[in-house]
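Asks: Task: produce atomic coordinates for the following.
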Amino acid sequence: MSNHLEPKNSGDSDDSLKVTAATKREFPDPIEENHPLPSYVLILVGAVLSFGLVYFQMYQDGANAGTKGSGTASVEQAPAEPTLAELGKSVYSNCQPCHQASGLGIAGQFPTLVGAEWVSGSEKRLIAILLKGLSGPVKVAGATYNGAMPGWEKTLSNKKIAAVLTYIRSSWGNNYPEITEDKIAAVKAEFASKADAWNEADLLAIPENAPIAAAATPAAQIAAPSAVVDLEAGKAQYQAICIACHQPTGLGLFPVFPPLVNSDYVKGSPERLIAIVLNGVIGPITVDGKSYTNMMPAQGAVLSDVKISQVTSYVRKAFGEGASPITPEQVAEARKKYGTRATSWSEAELLAFPVAN
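Replies: Numbers count the residues shown, from 1 in each chain. You can find the predicted model right below:
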């Protein structure tokens with residue numbers, strides 16, 4: 001029996017070495033981890049998306065406006081101001097329960113307005129009736145009525161009273177001249193001390209052809225336009241056009257879009273703010289101590305005077321510490337000055353505006 005060791009299997013040894021070497025050449029298994037994008041990439045993507053939204057909204061509105069006309073115009077056409085008679089038709093809804101949609105009233109209860117002498121006759125008498133009301137008995141178109149009509153001077157504006165009277169005098173076969181807002185104001189001033197409703201005798205004491213004296217215009221009304229700006233409409237404009245850049249809070253997105261909160265451009269000169277919306281801004285510009293180099297597109301060709309009035313008034317109310325509203329008349333005046341300007345404003349040009357005007 002021989003005493004010797006079995007020789008090692010050299011093949012097995014070589015194979016193990018080969019496996020080890022191959023293993024060393026392999027890359028390690030991947031490990032699942034979170035790798036957030038760099039902040040500058042997020043800012044860049046946000047800027048591109050926001051600008052794209054604004055650009056799309058602006059030119060979509062312009063294209064829609066252009067297709068309504070000859071197919072070449074891209075400027076939004078402001079809706080036509082309704083005539084007094086058109087406005088009066090909607091105001092007449094207050095009168096319709098008694099006088100009916102036909103204007104014929106209800107026999108024995110409410111008098112007709114069709115061919116009625118109070119409608120076709122003295123303008124001063126008719127205005128006086130709407131302002132103070134009327135207590136019967138009163139004869140209308142040959143029939144006597146003994147009801148009561150309320151006065152509307154504390155409920156309806158001068159314009160709405162003028163509108164509904166104009167509608168009545170031009171409907172159902174009536175064909176009489178319109179009654180203006182100025183005439184309402186004049187008659188209101190003349191009978192300001194009267195506290196009760198008219199009766200027939202009092203009305204007949206007003207001469208048929210009594211003139212209506214012009215009412216004096218208060219100095220405050222001359223100094224500032226009296227238009228009431230629709231802030232809810234301005235909020236809707238802001239949400240449609242401005243919110244992508246300036247955000248619902250008005251704080252913008254630093255360093256891409258500047259804030260509206262605590263901005264002198266918002267709470268300062270109304271004319272300067274209008275000019276910014278009309279013509280746009282090109283950076284660099286400093287707002288609330290921080291610099292922004294982006295651009296704001298012009299909206300003058302897209303928004304009407306009324307819409308610019310609404311959105312700037314909303315911005316000043318919401319983010320400008322309750323600054324005074326901006327009226328369509330102010331926008332129209334600024335458009336006369338800057339409407340033909342072809343370039344956006346620079347910071348130096350904006351700072352040259354008076355601080356308040």
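Asks: now for the helix or strand hosting residue 128, which elements pack on it?
Replies: In the assignment (DSSP states H and E), residue 128 maps to helix 123-132. Judged by 3 or more Cβ pairs under 8 Å, 6 or more residues apart in numbering; DSSP states H and E, helix 123-132 is in contact with helix 117-120, helix 158-169, helix 181-190, helix 200-204. (C-beta placed from N, C-alpha, C; glycine too.)
Asks: Throw the ones you listed into CSV and include distance to residue 241, mean pLDDT and mean neighbour count, thanks.
Replies: Below are those laid out as CSV (distance: least, Cβ to Cβ, whole Å; pLDDT from 0 to 100; neighbours: other Cβ atoms under 10 Å):
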stretch, distance to residue 241, mean pLDDT, mean neighbour count
helix 117-120, 46, 92, 17
helix 158-169, 29, 94, 23
helix 181-190, 33, 92, 19
helix 200-204, 53, 92, 14
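Asks: quick one: contacts for residue 331?
Replies: By Cβ atoms under 8 Å, 6 or more residues apart in numbering, residue 331 lies in contact with 274, 305-306, 308-309, 312.
Asks: and residue 308, what is it in contact with?
Replies: With contact taken as Cβ under 8 Å, 6+ apart, residue 308 is in contact with 274, 277-278, 299-300, 326, 328, 331.
Asks: One more: residue 135?
Replies: With contact taken as Cβ under 8 Å, 6+ apart, residue 135 is in contact with 148-149, 196-199.
Asks: Farthest pair within those residues?
Replies: 149 and 196 (12.6 Å; Cβ to Cβ).
Asks: follow-up on the earlier one: make JSON lines out of the contacts of residue 308 and add pLDDT and distance to residue 107.
Replies: Output for the contacts of residue 308, formatted as JSON lines (pLDDT from 0 to 100; distance: Cβ to Cβ, whole Å):
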{"residue": "274", "pLDDT": "95", "distance to residue 107": "56"}
{"residue": "277", "pLDDT": "95", "distance to residue 107": "57"}
{"residue": "278", "pLDDT": "95", "distance to residue 107": "58"}
{"residue": "299", "pLDDT": "90", "distance to residue 107": "57"}
{"residue": "300", "pLDDT": "89", "distance to residue 107": "57"}
{"residue": "326", "pLDDT": "94", "distance to residue 107": "52"}
{"residue": "328", "pLDDT": "93", "distance to residue 107": "46"}
{"residue": "331", "pLDDT": "94", "distance to residue 107": "51"}
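Asks: and of those residues, the nearest to residue 342?
Replies: Set against residue 342, the nearest of the contacts of residue 308 by Cβ to Cβ is residue 300 (10.9 Å).
Asks: Residue 310: neighbour count?
Replies: 26 (other Cβ atoms under 10 Å).
Asks: same check, this time on the one 5 residues further on
Replies: Here the count is done by other Cβ under 10 Å, and residue 315 has 27 residues near it.
Asks: what's the distance between it and residue 328?
Replies: Remark: distance between residue 315 and residue 328 (Cβ to Cβ, to the nearest Å) = 16 Å.
Asks: follow-up on the earlier one: of the helices and strands packed on helix 123-132, which is nearest residue 91?
Replies: That would be helix 158-169 among these, by Cβ to Cβ, at 4.1 Å.
Asks: Taking helix 181-190 as reference, get the angle to that closest one.
Replies: Inter-element angle recorded for helix 158-169 and helix 181-190: 110 degrees (by axes from the mean of the first three to the mean of the last three Cα atoms, to 10 degrees).
Asks: Mind checking the pLDDT average for the next helix or strand after the helix holding residue 128?
Replies: Proceeding C-terminally, helix 123-132 gives way to strand 133-135 as the next helix or strand, assigned by DSSP H and E. Averaged over strand 133-135, pLDDT sits at 93.
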